[in-house]
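*Asks:* need a 3D model of the sequence below.
(one chain, ligands or ions: 2)
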Amino acid sequence: MRKIENFIAGEYVAAASGRRFDKRSPLDNRVIASIAEAGRAEVDAAVGAARGALAGDWGRLSTEQRVELLYGVANEITRRFDDFVEAEMADTGQPAHVMKQVFIPRGAANFKVFADVVKNVASESFQTATPDGRGALNYALRVPKGVIGVICPWNAPFMLMTWKVGPALACGNAVVVKPSEESPQTAALLGEVMNAVGIPKGVYNVVQGFGPDSAGEFVTQHPGVDAITFTGETRTGAAIMKAASEGMRDVSFELGGKNAGIVFADCDFEAAVEGIFRSAFLNSGQVCLGTERVYVERPIFERFVQALKVKAESVRFGRPDDHDANYGPLISQEHRQKVLSYYRKALEEGATLVTGGGVPEMPGELAEGAWVQPTIWTGLPESAAVVREEIFGPCCHIRPFDAEDEVVQLANATDYGLSTTLWTNDLARAHRLAARVEVGITWINSWFLRDLRTAFGGAKQSGIGREGGVHSLEFYTETRNVCVKL
Ligand SMILES: NC(=O)C1=CN([C@@H]2O[C@H](COP(=O)(O)OP(=O)(O)OC[C@H]3O[C@@H](n4cnc5c(N)ncnc54)[C@H](O)[C@@H]3O)[C@@H](O)[C@H]2O)C=CC1
Ligand SMILES: O=C(O)/C=C/C=C(\O)C(=O)O
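*Replies:* Ligands and ions are numbered 1, 2, ... in the order given. The predicted structure is shown next:
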């Protein structure tokens, strides 16, 4: 069994209290790691180390020097690729190909891309007319915000954590990261990379633990934390916002979703089925951008439902390193209970079960894992809980529609507004809809096709602010205007 510690000022440290908690494998519920739970003392030490780094070597580096160090971090992640794949697979139970093709490469890219952004993006300047005719020059300086609290979820732990740490460090900040209690390993491993590359001690700190009355809350309440970036549930975002209001600290939130997939009859049928399948079922449906509501134009409705059913029934459950398997479990027994409660509720609400709805039969010790079947329903009203609430599991409800206005109204009838995936060969219609659907990200004839220079974030209750490219610079720096009278 692994022992995972906090990472503070470049050292792995246990908690002064001696408190530890267990991490169980999603595959078979076995305890796979013992984690040191940070208390207020460790959070104080981490924030102190971060402030020390800002006042010391790290704060004195030029942008070029920071950029070189961050390229080094990206390269070292790539060199230790297999270690990151293995650690993330252990925490999440997801298949090796998802780790290798998507999540771990994105970890390296998150450092490389934001190193490039800070190297290449200019700050604004204006020439200003003055009554004496000599004019003035205004220009902006971007300075780091300071110590950034980074609070992370468990569903794509390394990718989502580095998506924040990459730009925060590129902009010259120091960070205190609180990984999810369900996925402690890759954040801890990244400490080794930071040390190997020569990132000054105290720039990157990790405190392990839970949310309320634990490390998460201690970080967000700490007066030495200057801004907080968070990915997770909307109601957790509300609690963090309250904490951030003490001291008027800035927040950036990427929150939940109840995303719509919209499929028109003129789409490339096979591509649309494949795209909706990925968007509903990748990572066992534990993707904030995932599709849990599918609207299909009536002429192809029955055919589409049947085609998606065939694909959902073709998944092969198994261990991440089992070459015959391609589908993993949910993150934990607790999350499985939540998802299964929605599976039951769907039937109580009158759904027609197209496929799934239960637990697959797993052999031997895997029978103890957090497995659930990919599930498809039809026939529910939009008022059903299963159609309104984020489930965060491998499931979707499919409903037919007849008209463009109708489907826009259906897609928008939610408190969330993260993303949409839209399938049609009529590009004029696609552009029209993209402007009308109330979300932060619309994918047309694609899903989760990411360019890290673009704005990423949610509308309505799916988030506050945007990250990605220059948008990350907006959050991770303070802009100072300098006015020079000429
Ligand atoms: N919009 C986006 O980009 C994404 C959103 N999500 C959302 O995240 C959720 C799943 O992730 P979970 O880890 O279950 O979310 P969660 O909100 O329960 O936990 C996220 C993190 O916040 C911490 N936390 C919980 N309560 C806290 C508090 N009061 N103060 C400070 N920290 C606290 C947790 O320990 C964890 O590290 C889903 O709702 C999903 O939609 C997940 C990934 C991306
Ligand atoms: O690509 C990103 O930056 C974020 C993606 C979010 C997810 O994949 C997720 O929440 O699962």
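*Asks:* mind telling me which residue of the stretch 351-486 of the chain is nearest ligand 1?
*Replies:* Here the residue of the stretch 351-486 of the chain nearest ligand 1 is Phe392; by Cβ to the nearest ligand atom that distance is 5.0 Å. Yep, even glycine has a C-beta here, placed from its N, CA and C like the rest.
*Asks:* which pLDDT value goes with that residue?
*Replies:* pLDDT recorded at Phe392 is 98.
*Asks:* in this structure it contacts Leu289, no?
*Replies:* No. Phe392 is not in contact with Leu289 according to Cβ atoms under 8 Å; the separation is 11.4 Å.
*Asks:* what parts of the stretch 301-450 of the chain come near ligand 2?
*Replies:* Arg450 (Cβ under 6 Å from any ligand atom).
*Asks:* for ligand 2, give me its nearest residue in the stretch 1-150 of the chain.
*Replies:* For the stretch 1-150 of the chain, Cβ to the nearest ligand atom, closest residue to ligand 2: Arg106, 6.8 Å.
*Asks:* what's the local residue count around the residue of the stretch 351-486 of the chain closest to ligand 1?
*Replies:* 25 (other Cβ atoms under 10 Å).
*Asks:* from ligand 1, how far off is Asp132?
*Replies:* According to Cβ to the nearest ligand atom, to the nearest Å, Asp132 stands 51 Å off from ligand 1.
*Asks:* and Ala271, what helix or strand is that in?
*Replies:* helix 269-281 (DSSP states H and E).
*Asks:* wait, does that helix contact ligand 1?
*Replies:* No. Applying Cβ under 6 Å from any ligand atom, one finds helix 269-281 separated from ligand 1 by no less than 13.7 Å.
*Asks:* mind pulling up the phi and psi values for the residue nearest to Thr128 when sequence neighbours are not counted?
*Replies:* Once flanking residues are discounted, Thr128 sits nearest to Ala136: 4.4 Å by Cβ to Cβ, 6 or more residues apart in numbering. When read as degrees, to the nearest 10, the backbone of Ala136 gives phi -150, psi 160.
*Asks:* ok, now Phe401?
*Replies:* phi -140, psi 160.
*Asks:* now do the SS call for the closest residue to it other than its chain neighbours.
*Replies:* Of all residues not flanking Phe401 in the chain, Val407 sits nearest, at 4.4 Å (Cβ to Cβ, 6+ apart). Secondary structure assignment for Val407 (DSSP: H, G, I helix; E, B strand; the rest coil): helix.
*Asks:* which parts of the stretch 51-200 of the chain sit against ligand 2?
*Replies:* Checking the stretch 51-200 of the chain against ligand 2 by Cβ under 6 Å from any ligand atom, the hits are 155-156, 163.
*Asks:* contacts only, for Pro329.
*Replies:* Pro329 is in contact with 26-27, 93, 284, 317, 336, 369-372, counting by Cβ atoms under 8 Å, 6 or more residues apart in numbering.
*Asks:* the residue nearest to Asn173 when sequence neighbours are not counted: how many residues sit nearby?
*Replies:* Among residues not flanking Asn173 along the chain, Pro144 sits closest, at 4.4 Å (Cβ to Cβ, 6+ apart). Applying other Cβ under 10 Å, we find 21 other residues in the vicinity of Pro144.
*Asks:* could you do Ser314 as well?
*Replies:* 11.
*Asks:* thinking again about what came up before, elements contacting the helix holding Ala271?
*Replies:* strand 259-263, strand 291-297, helix 301-312, strand 395-401, strand 419-423 (3 or more Cβ pairs under 8 Å, 6 or more residues apart in numbering; DSSP states H and E).
*Asks:* ok, back up a step: from what I see, the residue of the stretch 1-150 of the chain closest to ligand 2 and Met159 are in contact.
*Replies:* Yes. With contact defined as Cβ under 8 Å, Arg106 reaches Met159; the gap is 4.3 Å.
*Asks:* between these two, which contacts overlap?
*Replies:* By Cβ under 8 Å, 6+ apart, no residue touches both Arg106 and Met159.
*Asks:* contacts for the helix holding Ala271, please.
*Replies:* Contacts of helix 269-281 (Cβ under 8 Å, 6+ apart): 259, 261, 263, 287, 289-292, 294, 300, 303-304, 307-308, 311-312, 315, 327, 374, 394-396, 421, 423, 445-448.
*Asks:* please redo it, this time with the cut-off set to 7 Å
*Replies:* 261, 263, 290-291, 294, 300, 304, 307-308, 311-312, 374, 394, 396, 421, 423, 445-447 (Cβ atoms under 7 Å, 6 or more residues apart in numbering).
*Asks:* buried residues in that helix, which are they?
*Replies:* For helix 269-281, burial by neighbour count (16 or more other Cβ atoms under 10 Å) applies to 272-273, 275-281.
*Asks:* re the thing from before, give me the pLDDT for the residue of the stretch 1-150 of the chain closest to ligand 2.
*Replies:* 97.
*Asks:* tally of neighbours for it?
*Replies:* 19.
*Asks:* Val175 should be in a strand, yeah?
*Replies:* Yes. Counting by three-state DSSP, Val175 is found in a strand.
*Asks:* who does it bridge with?
*Replies:* Legend: beta-bridge partners of Val175 under DSSP bridges are Ile148, Tyr204.
*Asks:* where in the protein is pLDDT low?
*Replies:* Applying pLDDT under 70 to the chain picks out no residues at all.
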